[in-house]
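Novice: Just a sequence and a predicted model for now, questions to come.
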Amino acid sequence: MEQYVIKGGKPLKGEVIIGGAKNAALGILAAAVMTDGVCDIDNMPNVRDTNVLLQAIEAIGATVTRKSANEVAISGKGIHTNGDMTIDDEYIRKIRASYYLLGALLGKYHKAQVALPGGCDIGSRPIDQHIKGFKALGAEVEISHGMISAKAERLVGAHIYFDVVSVGATINVMMAAALAEGNTVLENAAKEPHIVDVANFLNSMGANIKGAGTDVIRIKGVSELHSTEYSIIPDQIEAGTFMTAAAITKGDILVKNVIPKHLEAISAKLMEIGATIEEYDDAVRVVVNDRLTNTNIKTLPYPGFPTDMQPQMAITLALSTGTSVITESIFENRFKYLDELSRMGAQVKVEGNTAIIEGIEKFTSAVVQAPDLRAGAGLVMAGLSADGFTIVEGIQYIQRGYEDFEGKLRALGGQIEKVSTEKEIQKFKLKVG
């Protein structure tokens with residue numbers, strides 16, 4: 001199995017260019033099958049999740065043309081409309097975004113069947129709000145044999161109030177409603193930047209969606225969607241990860257190709273604990289020279305502090321002075337990585353959905369296991385700041401959402417290599433000394 005071997009102790013310095021937003025890309029790629037025209041999508045992150053979704057889209061007959069690593073053209077014209085519209089694939093179970101094809105196919109073809117979603121094991125992700133939304137639009141939905149299927153004679157707009165804020169349900173129901181008859185109102189909708197990006201993409205195809213980014217989204221159904229060209233927004237979480245990399249390694253990183261407004265919750269917390277942050281039109285610079293101080297964080301839906309930045313921030317606070325408290329209000333299993341961090345010397349205690357962190361001066365190297373995507377990235381940062389050689393296992397999770405992660409870290413001065421044998425580990429150790 002592939003691993004990262006890391007020699008830590010060097011501050012990360014330099015510039016990094018952030019790729020397209022994974023979570024926006026997954027919704028946009030699914031929505032691209034809703035037209036017989038061609039959707040040319042640029043700034044797509046070339047990561048495992050997007051590649052798996054593209055394979056699934058091809059498997060149902062859509063045309064996928066890779067123009068470059070980060071640009072793809074998709075047409076839904078060849079989709080097997082006489083078949084049973086089933087997305088059942090050994091890969092699709094590995095990514096949560098499989099369920100976006102349900103809303104897209106239901107909207108365009110009035111039927112779809114998709115394997116229940118997988119992804120990182122960070123807690124239950126019920127799809128009851130998706131089902132509620134589809135039923136309100138007139139679909140029959142049933143779950144059996146690990147599949148969720150939806151079908152409708154016709155989809156008719158409705159007033160839908162989500163019981164809980166759900167990014168997935170907001171995107172899925174928004175896609176289906178875009179081609180429903182009449183008007184749909186989504187209340188208590190999620191407000192994340194990638195919701196806005198998917199809505200903008202659908203609008204560029206001829207949809208009529210207003211209010212994305214607020215908690216009330218209004219959709220006027222249209223009869224069909226058309227070709228478009230679109231560029232995906234920068235990835236807020238990749239940007240935040242590199243911002244904390246500067247904090248964890250006491251470095252100086254200019255994070256380029258970002259939308260600073262999307263990073264405000266992260267920037268505010270880093271400034272609060274003593275980091276220096278400079279904002280530009282499309283870049284953020286983070287400089288940390290001294291040990292940072294403690295704080296308290298509670299994860300919340302956007303515009304609150306993102307759950308996907310919780311592990312990276314906890315690792316930052318584990319090296320800060322004093323006692324910090326993190327409350328995780330989104331996913332119940334999101335502290336599993338703290339056992340791994342303890343192997344590197346971190347002083348942490350978990351009580352329910354709260355982690356109490358006593359700051360230490362420095363991590364020590366260890367062999368650690370990445371339990372999920374974001375925690376895996378955080379453990380790599382911990383290794384880059386630790387004395388000695390750290391090995392991070394389970395890096396397939398990291399590859400789900402970070403493009404050329406080790407290459408970008410090396411460009412900042414990080415000593416890191418992707419290896420798969422003991423011999424390669426020894427070779428790396430000899431090389432870096």
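Specialist: Thanks, I have it.
Novice: Tell me how far V288 lies from K256.
Specialist: For V288, the distance to K256 equals 18 Å [C-beta to C-beta, to the nearest Å]. Placement of C-beta: from N, CA and C, glycine included.
Novice: Those two: who's more crowded?
Specialist: A direct count of neighbours by other C-beta atoms under 10 Å for V288 and K256 places V288 higher, at 25 against 17.
Novice: so what's the more buried one up against?
Specialist: The contact partners of V288, by C-beta atoms under 8 Å, 6 or more residues apart in numbering, come to 246-247, 250-252, 274-276.
Novice: Out of these, which sit inside helices?
Specialist: Judged by DSSP state H, the contacts of V288 include 246-247 as members of helices.
Novice: Save the contacts of V288 as a markdown table, and put in neighbour count and distance to P45 too.
Specialist: Output for the contacts of V288, formatted as a markdown table (neighbours: other C-beta atoms under 10 Å; distance: C-beta to C-beta, whole Å):
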| residue | neighbour count | distance to P45 |
| --- | --- | --- |
| A246 | 29 | 21 |
| A247 | 28 | 23 |
| K250 | 19 | 28 |
| G251 | 23 | 23 |
| D252 | 17 | 25 |
| G274 | 16 | 31 |
| A275 | 21 | 26 |
| T276 | 13 | 29 |
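Novice: G413: which of the contacts of V288 is nearest?
Specialist: Of all the contacts of V288, G413 sits closest to G251, with 8.0 Å by C-beta to C-beta.
Novice: Next up, phi/psi of the closest one, please.
Specialist: Per-residue torsions, G251: phi -110, psi -160 (degrees, to the nearest 10).
Novice: That one contacts K13, correct?
Specialist: Yes - with contact defined as C-beta atoms under 8 Å, G251 counts as touching K13 (5.2 Å).
Novice: Need the residues touching each of those two.
Specialist: 412-413.
Novice: Endpoints of stretch 183-198, how far apart?
Specialist: 18 Å (C-alpha to C-alpha, to the nearest Å).
Novice: what's the offset of it from the middle of its chain?
Specialist: 17 Å (C-alpha atoms, centre = their mean, to the nearest Å).
Novice: Quick check: mean pLDDT of it?
Specialist: Mean pLDDT, taken over the full extent of stretch 183-198, equals 98.
Novice: Just the buried positions in that stretch, please.
Specialist: 184-186, 188-198 (16 or more other C-beta atoms under 10 Å).
Novice: ok, and the closest non-adjacent residue to A411?
Specialist: In space, and not counting its chain neighbours, A411 is closest to G14: 6.3 Å by C-beta to C-beta, 6 or more residues apart in numbering.
Novice: Okay, and the beta partners of the one you found?
Specialist: In this entry, G14 is beta-bridged to I253, by DSSP bridges.
Novice: Kindly report the same for K349.
Specialist: I356.
Novice: Flag every buried residue along stretch 350-357.
Specialist: 353, 355, 357.
Novice: Rebuild those as TSV, extending it with pLDDT and distance to D372.
Specialist: Listed next are these as TSV, based on pLDDT from 0 to 100; distance: C-beta to C-beta, whole Å:
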residue	pLDDT	distance to D372
N353	95	16
A355	97	15
I357	98	19
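Novice: Tabulate those (JSON lines), appending distance to P303.
Specialist: Formatted as JSON lines, the buried residues of stretch 350-357 follow (distance: C-beta to C-beta, whole Å):
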{"residue": "N353", "distance to P303": "21"}
{"residue": "A355", "distance to P303": "22"}
{"residue": "I357", "distance to P303": "24"}
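Novice: Quick check: of those residues, which lies closest to Q113?
Specialist: N353 (34.8 Å).
Novice: out of the buried residues of stretch 183-198, which are inside helices?
Specialist: Going by DSSP H, the helices hold 193-198 from the buried residues of stretch 183-198.
Novice: Of all pairs in those residues, which one spans the longest distance?
Specialist: P193 and V198 (10.0 Å).
Novice: what sits in contact with each of these two?
Specialist: The contact lists of P193 and V198 share A24, where a contact means C-beta under 8 Å, 6+ apart.
Novice: which intervals of the stretch 301-433 of the chain have sub-threshold pLDDT?
Specialist: Applying pLDDT under 70 to the stretch 301-433 of the chain flags no residue at all.
Novice: just the strands in it please.
Specialist: For the stretch 301-433 of the chain, the strands defined by DSSP state E, counting those that start in this stretch occupy 323-327, 347-351, 354-358, 367-369, 389-393, 415-419.
Novice: now for those, which one comes closest to I41?
Specialist: Of all those, it is strand 415-419 that lies closest to I41, at 27.4 Å by C-beta to C-beta.
Novice: what residues does the closest one touch?
Specialist: Contacts of strand 415-419 with the rest of the structure, by C-beta under 8 Å, 6+ apart, involve 2-8, 10, 380, 383-384, 395, 406, 409-410, 424-425, 428, 432.
Novice: Of the residues you listed, which count as buried by neighbour count?
Specialist: Buried among these by 16+ other C-beta under 10 Å: 3-8, 10, 380, 383-384, 395, 406, 409, 425, 428.
Novice: Just the helices from the stretch 51-200 of the chain, written as ranges.
Specialist: With DSSP state H, counting those that start in this stretch as the criterion, the stretch 51-200 of the chain has helices at 100-109, 128-136, 167-178, 193-204.
Novice: And the third one, what does it pack against?
Specialist: The contact analysis (3 or more C-beta pairs under 8 Å, 6 or more residues apart in numbering; DSSP states H and E) places helix 167-178 against helix 22-31, helix 100-109, helix 128-136, strand 183-187, helix 193-204, strand 208-210, strand 216-220.
Novice: any chance of these in JSON lines, plus distance to N333?
Specialist: JSON lines is the format used below for the helices and strands packed on helix 167-178 (distance: least, C-beta to C-beta, whole Å):
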{"stretch": "helix 22-31", "distance to N333": "19"}
{"stretch": "helix 100-109", "distance to N333": "23"}
{"stretch": "helix 128-136", "distance to N333": "19"}
{"stretch": "strand 183-187", "distance to N333": "28"}
{"stretch": "helix 193-204", "distance to N333": "22"}
{"stretch": "strand 208-210", "distance to N333": "33"}
{"stretch": "strand 216-220", "distance to N333": "30"}
